[in-house]
Every structure is written in structure tokens, then in C-alpha cells.
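Engineer: next input, structure requested:
(one chain, ligands or ions: 2)
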Amino acid sequence: MEARAVVKGFQFCTWIDSEKVKRRPPSGLARFSRRLKEEQSKRHVLVAAAHLPKSNRHRHVAVDYNHWNPASPVESGNFHAHFDESYVLKTKSQEIEPYLKGRCIYLVGMMGSGKTTVGKILAQALNYSFIDSDTFVEHEAGGKTVPEIFKLYGEGFFRDKETEALRKLSMMQRHVVSTGGGAVVRPVNWKCMQNGISVWLDVPLEALAQRIADVGTGSRPLLHQGPGDAYSKTFMRLSSIFEERGDAYANANARVSVENIAAKMGCRDVSNLSPTAIALEALQQIEGFLEEERGRARVF
Ligand SMILES: Nc1ncnc2c1ncn2[C@@H]1O[C@H](COP(=O)(O)OP(=O)(O)OP(=O)(O)O)[C@@H](O)[C@H]1O
Ligand SMILES: O=C(O)C1=C[C@@H](O)[C@@H](O)[C@H](O)C1
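Structural biologist: Residues are numbered from 1 along each chain as shown. Ligands and ions are numbered 1, 2, ... in the order given. Alright, predicted model coming up:
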């Protein structure tokens with residue numbers, strides 16, 4: 001009973017990369033291994049019951065310690081074991097896939113929110129194809145990159161091409177579509193996405209700025225302007241863009257808040273969340289939307 005109570009309260013965990021664990025100093029390692037044993041004995045029994053279909057609720061799932069989040073604060077004692085997230089993700093995908101009826105999933109969100117990273121994982125789990133609408137536009141523009149399109153023809157031209165791309169994509173089935181960060185501003189784009197299910201990846205601006213500053217703003221023309229260091233410049237630009245668009249993202253059918261996931265997991269830093277854990281939350285939010293949809297259909 002006690003083990004079940006522990007696991008029920010547990011959601012899913014952070015990235016754990018054993019390579020990085022090996023590189024940690026001995027004192028940390030010793031503590032890590034002690035905590036690992038504690039975590040294993042607590043959690044090896046029943047895994048994230050809430051994430052498994054009812055028929056599988058009591059199934060034993062192996063703990064996967066193959067990943068290590070560099071930022072995971074083992075030293076501070078805020079440690080989470082990593083269950084086989086991929087297994088749980090696959091199970092949840094199989095559970096909801098029939099209710100999707102082939103509809104596309106449109107990921108919307110700010111630049112750097114993880115639409116591509118999470119989208120690829122979702123597509124694989126659902127046996128869908130993945131497509132990035134920016135890449136689609138680039139292809140339609142004869143191979144010119146988004147920054148080149150902005151530079152040569154301006155943002156308006158890019159937005160028209162983006163709408164054209166979404167129109168074409170709206171005729172497809174069984175795709176996870178990573179939309180451009182600004183696709184949400186045009187109502188006509190929402191019409192295109194109506195055939196599918198839209199999911200907003202809601203990531204705090206600080207985390208976005210950090211991710212983008214780490215990789216550079218080269219491929220993101222709207223972030224090129226402004227004074228200051230890479231992080232501050234990116235943060236300022238993202239803030240003013242979000243000011244204009246925040247409400248538009250909220251039109252999505254489902255919202256995945258990384259802050260909420262972190263809170264559920266008792267994790268202080270959203271950058272400790274693995275893309276698989278975020279994909280899993282996306283599936284749960286989609287499931288919630290599908291349930292609401294079924295409820296509405298019963299009423300009418
Ligand atoms: N959960 C995560 N934790 C930490 N970093 C992440 C996470 N997800 C994605 N990233 C990193 O953030 C950056 C942006 O991710 P990604 O390209 O998936 O975002 P995007 O929403 O598709 O961005 P854009 O709309 O600008 O193309 C990448 O460097 C990626 O590795
Ligand atoms: O947020 C935006 O407006 C953009 C995001 C990118 O995905 C690209 O679509 C382009 O750089 C514009």
C-alpha cells in the first residue's frame with residue numbers, strides 16, 4: 001500500500017545521463033548511489049500508475065538510469081529517479097491514438113519552446129510523421145532559409161508563405177506539425193489548424209532566452225536586434241514578442257506548461273525536464289481535450 005501511495009504521487013522524472021554521473025566527484029557519487037538505492041527500493045514496484053492504462057496499472061517497469069541531467073541537483077538532495085519514460089509515453093500514445101482519428105497535432109509556442117524537439121518524440125510515439133512548417137516554407141521558397149526570406153522579401157512575405165504552408169498541411173493526416181513561433185497571430189492560420197489539435201508549449205521566457213542564447217540567434221531573424229549580451233538581448237526581444245502574442249497562444253486546444261510539470265515533480269528548475277516528460281504531458285493534455293470533446297458531443 002505504501003509503495004503504491006508513493007508512486008501515485010509521483011509523476012515522471014528528469015534526464016539522467018550516467019556518463020555525467022561518472023564524472024561527478026566521489027563525494028557526490030557516494031551520495032548519488034545511496035539515494036539511487038533508496039529511490040529504487042521505493043519505486044521499482046509500481047510505476048506512475050496514472051500514466052498507464054487501467055489494464056496495466058500494476059505492471060512492473062524497469063528503472064532507466066541512462067540519462068543524467070547536468071543540472072539535476074543530486075548534491076542538494078532534490079533527486080528524481082528516471083523511470084522508463086519512453087515506455088510510459090508509448091503506452092499513453094497507444095491509448096489515445098484511436099481517438100485522434102488521424103488528426104494532426106499542431107504544436108504552437110514561442111521560439112525555442114521545444115516544438116521541434118518534443119514534436120519529433122510525439123510523432124514517433126504516435127506513429128505519426130513529423131513536419132516543421134518553417135522547413136516546409138524554406139522548401140517551397142526553393143531552399144532559402146527563413147532568415148534569408150526575411151532579409152530578401154520581408155516578414156509579410158514570410159507570413160503569407162507560412163499561411164500557404166499551413167493550408168497545405170491542413171489537408172494532411174497523421175502529422176505532428178511544429179508551427180512557426182508567429183503562426184498564432186493570424187486568425188486564418190487557426191482555421192487551418194482547426195482540422196487538428198493544437199497544443200501550446202508554454203515555457204517561461206527566462207528558460208527560452210537561456211536556450212536560445214546557448215545556441216545563438218542565427219536562425220531566428222526576429223531576435224537579431226537589440227543591445228547587450230546574448231541572454232539579455234534575447235530575453236528583452238522575447239518579452240516584447242510575448243507581450244503581443246501571449247493571448248494568441250492561449251487559443252490552443254491544449255496547454256503544456258513546463259512550470260506545472262516541474263511543480264508536479266517537485267523540481268525547481270524547468271530546464272531539468274526531459275523532452276520525453278514534456279511529450280508525455282502533451283499527450284495527457286490532449287487526452288483531456290479529447291475527453292471534453294466527447295463530453296460536448298454527448299450534449300449536442
Ligand atoms: N526540454 C528541453 N530542455 C532543455 N533544452 C531544450 C528542451 N527542449 C528543447 N531544448 C533546446 O532548446 C532549443 C530550441 O528547441 P526547438 O528547436 O525544439 O524549439 P522550437 O520551438 O522548435 O524553436 P523554433 O520555433 O525557434 O524553431 C534547442 O537547442 C533544443 O535542444
Ligand atoms: O516567432 C516568430 O515569429 C518566428 C519563429 C520562427 O519559428 C520562424 O517562423 C520565424 O523566425 C519567425
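
Engineer: and the gap between the residue in the stretch 201-300 of the chain that ligand 1 sits nearest to and Y231?
Structural biologist: Taking CB to the nearest ligand atom, ligand 1 has its nearest neighbour within the stretch 201-300 of the chain at R211, 3.8 Å off. Yep, even glycine has a C-beta here, placed from its N, CA and C like the rest. Remark: distance between R211 and Y231 (CB to CB, to the nearest Å) = 10 Å.

Engineer: quick one: is stretch 172-185 near ligand 2?
Structural biologist: Yes: using CB under 6 Å from any ligand atom, stretch 172-185 reaches ligand 2 at 180-182.

Engineer: one step back: next, count neighbours for the residue of the stretch 201-300 of the chain closest to ligand 1.
Structural biologist: 17 (other CB atoms under 10 Å).

Engineer: for it, which residues are in contact?
Structural biologist: If you count contacts by CB atoms under 8 Å, 6 or more residues apart in numbering, R211 has them with 112, 271.

Engineer: which helix or which strand is home to it?
Structural biologist: R211 is part of helix 205-215 when elements are defined by DSSP states H and E.

Engineer: got the CA coordinates for that helix in CSV?
Structural biologist: Once non-C-alpha atoms are left out, helix 205-215 reads as follows in CSV (Å, rounded to 0.1, in the frame of the first residue of the first chain):
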residue,chain,number,x,y,z
LEU,A,205,10.8,33.4,-21.1
GLU,A,206,13.9,33.1,-18.9
ALA,A,207,14.3,29.4,-20.0
LEU,A,208,13.7,30.3,-23.6
ALA,A,209,16.2,33.1,-23.5
GLN,A,210,18.8,30.8,-22.0
ARG,A,211,18.2,28.0,-24.5
ILE,A,212,18.4,30.5,-27.5
ALA,A,213,21.4,32.3,-26.1
ASP,A,214,23.2,29.0,-25.8
VAL,A,215,22.7,28.1,-29.5
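
Engineer: could you give the mean pLDDT of that helix?
Structural biologist: Helix 205-215 carries an average pLDDT of 90.

Engineer: just the angle for the next helix or strand after that helix relative to helix 205-215, thanks.
Structural biologist: Going down the chain from helix 205-215, the next helix or strand is helix 230-249, by DSSP H and E. Here the directions of helix 230-249 and helix 205-215 differ by 130 degrees (axes from the mean of the first three to the mean of the last three CA atoms, to 10 degrees).

Engineer: and the helix or strand following helix 230-249, what does it pack onto?
Structural biologist: Next helix or strand after helix 230-249 toward the C-terminus (DSSP H and E): strand 254-257. Using 3 or more CB pairs under 8 Å, 6 or more residues apart in numbering; DSSP states H and E as the contact test, the elements touching strand 254-257 are strand 197-202, helix 275-299.

Engineer: and the following helix or strand past strand 254-257, what's buried?
Structural biologist: Next helix or strand after strand 254-257 toward the C-terminus (DSSP H and E): helix 258-265. Residues 258, 261-262, 265 are the ones in helix 258-265 that count as buried (16 or more other CB atoms under 10 Å).

Engineer: pull the distance from helix 258-265 to the chain's centre.
Structural biologist: 12 Å (CA atoms, centre = their mean, to the nearest Å).

Engineer: hmm, E162 is touching N189, no?
Structural biologist: Yes: under the criterion of CB atoms under 8 Å, E162 makes contact with N189 at 7.2 Å.

Engineer: where do the contact lists of the two overlap?
Structural biologist: A183.

Engineer: remind me which residues of the stretch 51-200 of the chain are low pLDDT?
Structural biologist: Residue ranges of the stretch 51-200 of the chain with pLDDT under 70: 51-83.

Engineer: worst mean pLDDT among the helices and strands packed on strand 254-257?
Structural biologist: helix 275-299 (a mean of 92).

Engineer: and it with ligand 1, contact?
Structural biologist: Yes: Helix 275-299 lies within reach of ligand 1 by CB under 6 Å from any ligand atom, at 275, 278.
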